[in-house]
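Undergrad: sequence plus predicted model, see below.
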Protein chains: 2
Amino acid sequence: MRPKKIPESTIKRLSIYLRELKSLSNEQIKFVSSQELSERLGFSAAQIRKDLSYFGQFGRVGVGYSVEELKDIIEGLLGVNRKAWKVAIVGAGKLGSALASYSGFSNRGFAIEACFDNDPKKVGTFLGSVKVENSDKIPTVLRKKEIKIGMIAVPKDYAQKVAQELLKGGVKSILNFAPVKISIGKSVHVRDVDLSTELEGLAFYLSRE
Amino acid sequence: MRPKKIPESTIKRLSIYLRELKSLSNEQIKFVSSQELSERLGFSAAQIRKDLSYFGQFGRVGVGYSVEELKDIIEGLLGVNRKAWKVAIVGAGKLGSALASYSGFSNRGFAIEACFDNDPKKVGTFLGSVKVENSDKIPTVLRKKEIKIGMIAVPKDYAQKVAQELLKGGVKSILNFAPVKISIGKSVHVRDVDLSTELEGLAFYLSRE
DNA sequence: TCTTGTGAAGTTATTCACAGCG
DNA sequence: CGCTGTGAATAACTTCACAAGA
């Protein structure tokens, strides 16, 4: 089963399953069925089972899944069980600052290890515990610290250039908050989060009621 | 063609088309073909044409689409051409503040009109130009101001309660940044943005290289 | 020629439904 | 019995490919 193609949507859900399993673990719940997960998360039970089946057989017939075991398995799949992934943020504006101090990341296996801005007034200041460095240092700092994930939180006209610098620094994944498409070789995974696009999607439904 | 079911994914792309059309408009470009849009956005030309065809026939054979005209049409479809949609933010922490001052929203037809927090120390302070009010005022303020969109930027344990208050206030759409599933009647559209989930998705690919 | 709009075909994702096992 | 795991069926989405218009 392992070497089969895994839908992108399955990966996104894995992360949500993990989130819920951590809650269940906190609630001291030991076992959970796909049906129960379904009710808590709003995905169908069949989908949950199918998603998990891409990776192996983790359930116990008649019982369900061991919360702790499944949690560990998904953490392993996502690679968030070992040492925290190092992340760099480019852009120390409002959004960059909010990202830098967002506790959700450290709780989930990510550590902000570097931060950059091209504004001399911001260079040298601190975002949380990380000192802001000049953007021209991106490639060297990233290589030195072996950072593989970058977040882009700069105005849209700079985003493409920043992405190229991240690439030079050896980054393998980019979370892009700038409202533009990043064009970059497919050695790098790019995921876009455009907050206005999300709102516009909601507005579409609103405006036809 | 109008009363046919429109894929969710088409809606998301509409917003991205609009974003690009605004750029093209700034660049004084008058016409654009699906092929050109395809190259700029990374979706296939056929997909762009098909997406647009759900709503009507906007192109000119042999020429492409009028940038201004298509921009206006998509703005109309998304309902972002008329008076700005009013938005409320609940949670005046780091993320809430960043959202409140994010210029991307006002540029794209959304206006932050109310902001709430349950921390008395925050009530009365200003987020941008909006005064923070106590969360127990959510239903009344929202009804008075006729706000139909809410953003949840509170810790996860409060998110569900906040959603219910938003519902009482007559909200029709929610953009939820808290890392929990919101359970609410389907009279309300909920879209979740979990930043850690996005990062975990990237980590999945990283950890198998 | 170039380009749209669109049925048809192809692909991908989700749900069904049930065998098999505890 | 209850529940998983999964092939088969269905649904959803994307791409193909081409007629027709400028």
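TA: That came through fine.
Undergrad: could you dump the longest strand along chain A to CSV, C-alpha only?
TA: The residue-count maximum for a strand in chain A (DSSP state E) belongs to strand A:110-117. Extracted as CSV, the C-alpha positions of strand A:110-117 are listed here (Å, rounded to 0.1, in the frame of the first residue of the first chain):
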residue,chain,number,x,y,z
PHE,A,110,8.1,24.3,14.2
ALA,A,111,10.6,26.8,15.4
ILE,A,112,11.2,30.3,14.0
GLU,A,113,14.9,30.5,13.6
ALA,A,114,15.5,33.5,11.4
CYS,A,115,13.7,36.6,10.3
PHE,A,116,14.6,39.1,7.6
ASP,A,117,13.5,42.5,6.4
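Undergrad: which secondary structure elements does the next helix or strand after that strand sit against?
TA: Following strand A:110-117 in sequence order, the next helix or strand is strand A:126-127 (DSSP states H and E). Applying 3 or more Cβ pairs under 8 Å, 6 or more residues apart in numbering or on different chains; DSSP states H and E, one finds that strand A:126-127 makes contact with helix A:94-100. Backbone N, C-alpha and C define where each C-beta goes, glycine included.
Undergrad: tell me the first helix or strand C-terminal of the helix it packs on.
TA: Helix A:94-100 is succeeded, C-terminally, by helix A:103-107 (DSSP H and E).
Undergrad: pull that next one out as CSV, backbone CA atoms only.
TA: What follows is helix A:103-107, C-alpha atoms only, in CSV (Å, rounded to 0.1, in the frame of the first residue of the first chain):
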residue,chain,number,x,y,z
SER,A,103,2.5,30.1,19.6
GLY,A,104,0.7,27.6,17.4
PHE,A,105,3.8,26.9,15.5
SER,A,106,6.1,26.0,18.4
ASN,A,107,3.3,23.8,19.8
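Undergrad: now check it, is it near chain B?
TA: Yes: against chain B, helix A:103-107 shows contacts by Cβ under 8 Å from any Cβ of the partner chain at A:104-105, A:107.
Undergrad: ok, residues contacting the longest strand of chain A?
TA: Residues outside strand A:110-117 that contact it (Cβ atoms under 8 Å, 6 or more residues apart in numbering or on different chains): A:80, A:84-93, A:96, A:99-100, A:105-106, A:123, A:127-128, A:130-135, A:137-138, A:141-142, A:145, A:147, A:149, B:196, B:199, B:203.
Undergrad: change it to 6 Å
TA: The contact list for strand A:110-117 (Cβ atoms under 6 Å, 6 or more residues apart in numbering or on different chains) reads A:84-90, A:92, A:100, A:127, A:130, A:132-133, A:135, A:138, A:141, A:145, A:147, B:199.
Undergrad: coming back round to it: out of the residues of helix A:103-107 next to chain B, who's nearest DNA strand C?
TA: Set against DNA strand C, the nearest of the residues of helix A:103-107 next to chain B by Cβ to the nearest atom of the strand is A:Gly104 (24.2 Å).
Undergrad: what's the burial count for that closest one?
TA: 19 (other Cβ atoms under 10 Å in any protein chain shown).
Undergrad: which SS class is A:Lys50?
TA: Following DSSP: H, G, I helix; E, B strand; the rest coil, A:Lys50 is assigned to helix.
Undergrad: distance check, A:Pro179 against B:Ser103.
TA: Relative to B:Ser103, A:Pro179 is positioned 11 Å away (Cβ to Cβ, to the nearest Å).
Undergrad: those two: which is more packed in?
TA: The residue with more neighbours, out of A:Pro179 and B:Ser103, is A:Pro179; 23 against 10, by other Cβ under 10 Å.
Undergrad: mind checking pLDDT for the closest residue to the more buried one other than its chain neighbours?
TA: Counting by Cβ to Cβ, 6 or more residues apart in numbering or on different chains, A:Pro179 lies nearest to A:Asp194, which is 4.8 Å off, once chain neighbours are set aside. Predicted confidence (pLDDT) for A:Asp194: 95.
Undergrad: can you add pLDDT and give the residues of helix A:103-107 next to chain B back as JSON lines?
TA: As requested, the residues of helix A:103-107 next to chain B are exported to JSON lines (pLDDT from 0 to 100):
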{"residue": "A:Gly104", "pLDDT": "88"}
{"residue": "A:Phe105", "pLDDT": "93"}
{"residue": "A:Asn107", "pLDDT": "91"}
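Undergrad: need the residues of chain A near chain B, please.
TA: A:11-12, A:15, A:19, A:41-42, A:78-80, A:85, A:94-95, A:98, A:101, A:104, A:108, A:110, A:148, A:172-173, A:175, A:179, A:181, A:189, A:191, A:196-207 (Cβ under 6 Å from any Cβ of the partner chain).
Undergrad: distance-wise, check the closest residue in space to A:Gly59 that isn't next to it in sequence relative to DNA strand C.
TA: Ranked by Cβ to Cβ, 6+ apart and with sequence neighbours excluded, the top spatial neighbour of A:Gly59 is A:Tyr65, at 4.9 Å. Counting by Cβ to the nearest atom of the strand, to the nearest Å, the separation of A:Tyr65 from DNA strand C is 14 Å.
Undergrad: can you tell me how far A:Tyr65 sits from A:Ser25?
TA: As judged by Cβ to Cβ, A:Tyr65 and A:Ser25 stand 12 Å apart.
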